[in-house]
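Sequence first, predicted coordinates after that:
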Amino acid sequence: EERLPCWRYRVDEGTVVSFTDVFAGDYSQNVSSVLGDFPIARDEGGAGYTLAVVVDDLLSGVTEVVRGDDLIPATPAQILIAEKLLSWAESKTSHSVKIPKYCHVPLVVGPDGRRLAKRHGDTRVASYRASGVAPETVIGRLAASCGWCAEGEKAGLKDLIGAFSLGTVPRTPVVMV
């Protein structure tokens, strides 16, 4: 069986990427030793996640990326790609695009401390809806873990706009039973 090529981003020896995460603070990674030459496409048909997400964010004008803290180690590779693409784009056009700010928050995890996944049963929002759990119940539970409403209180997204604060988001994962 013929193996398809894996296109990789070449990382020079000693390449270190540092950034300040909005939530997690300063982060630095020696990309050459941690990731090495990382994949950007595994076949001729399209880009891999790392390249695709960067291109999508830049073309969409994304200014802030909020995601789980399990993805912090992937961010330096995305910053390298973004810097290279922006350097090229700026030489071709006057269009100004910037690398987004990153905000990595703790995950919602199962009782075993691992990221919620199929092993914990069906954790999709659709499964809660199908079992009759109101969206406001789920939102309220998550909001309560951040101190944005009382435990057991139902809440809609509009109810939480004034309560939102990164300063009250827990520094450790939230356990969902």
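Nice, I can see it.

next one: stretch 28-45 to chain centre, how far?
17 Å (CA atoms, centre = their mean, to the nearest Å).

same thing with stretch 104-118?
Relative to its chain's centre, stretch 104-118 lies at 14 Å (CA atoms, centre = their mean).

which ones are touching the nearest residue to R115 once chain neighbours are set aside?
Excluding the flanking residues, the one nearest R115 by CB to CB, 6 or more residues apart in numbering is L107, at 5.2 Å. C-beta here means a position set from N, CA and C on the backbone, and glycine is covered the same way. Counting by CB atoms under 8 Å, 6 or more residues apart in numbering, L107 makes contact with 68-70, 115-116, 173-174.

now do W148
155, 160, 163-165, 168.

Ok, G61 next?
G61 makes contact with V97 under the criterion CB under 8 Å, 6+ apart.

Just the buried residues of the contacts of L107.
Buried by 16 or more other CB atoms under 10 Å: 69, 116, 173-174, out of the contacts of L107.

picking that back up, wait, which of the contacts of L107 is closest to V11?
Closest to V11 out of the contacts of L107 is D70 (21.5 Å), distances taken as CB to CB.

Tell me if I am right that the closest one is in a strand.
No. Counting by DSSP: H, G, I helix; E, B strand; the rest coil, one finds D70 to be helix, located in no strand.

and the gap between L80 and V34?
Distance of L80 to V34, computed by CB to CB, to the nearest Å: 12 Å.

Next, the spatially most central residue of the chain: secondary structure please.
Taking CA atoms, centre = their mean as the criterion, R67 is the residue nearest the geometric centre of the chain, at 3.0 Å. Of the three states, R67 takes strand under three-state DSSP.

Okay, and the beta partners of it?
H104 (DSSP bridges).

wait, isn't it in contact with H104?
Yes. Counting by CB atoms under 8 Å, H104 is a contact partner of R67 at 6.1 Å.

just to revisit the earlier point, mind pulling up the pLDDT for the residue nearest to the centre of the chain?
Predicted confidence (pLDDT) for R67: 94.

ditto for G48
89.

before we move on, what about H95?
At H95, the model reports a pLDDT of 65.

Helices along this structure, start to end?
Listed in chain order, the helices of the chain (DSSP state H) span 31-34, 49-60, 75-92, 125-130, 135-145, 157-160.

Just name whatever secondary elements the fourth one is in contact with.
So that's helix 125-130. Using 3 or more CB pairs under 8 Å, 6 or more residues apart in numbering; DSSP states H and E as the contact test, the elements touching helix 125-130 are helix 135-145.
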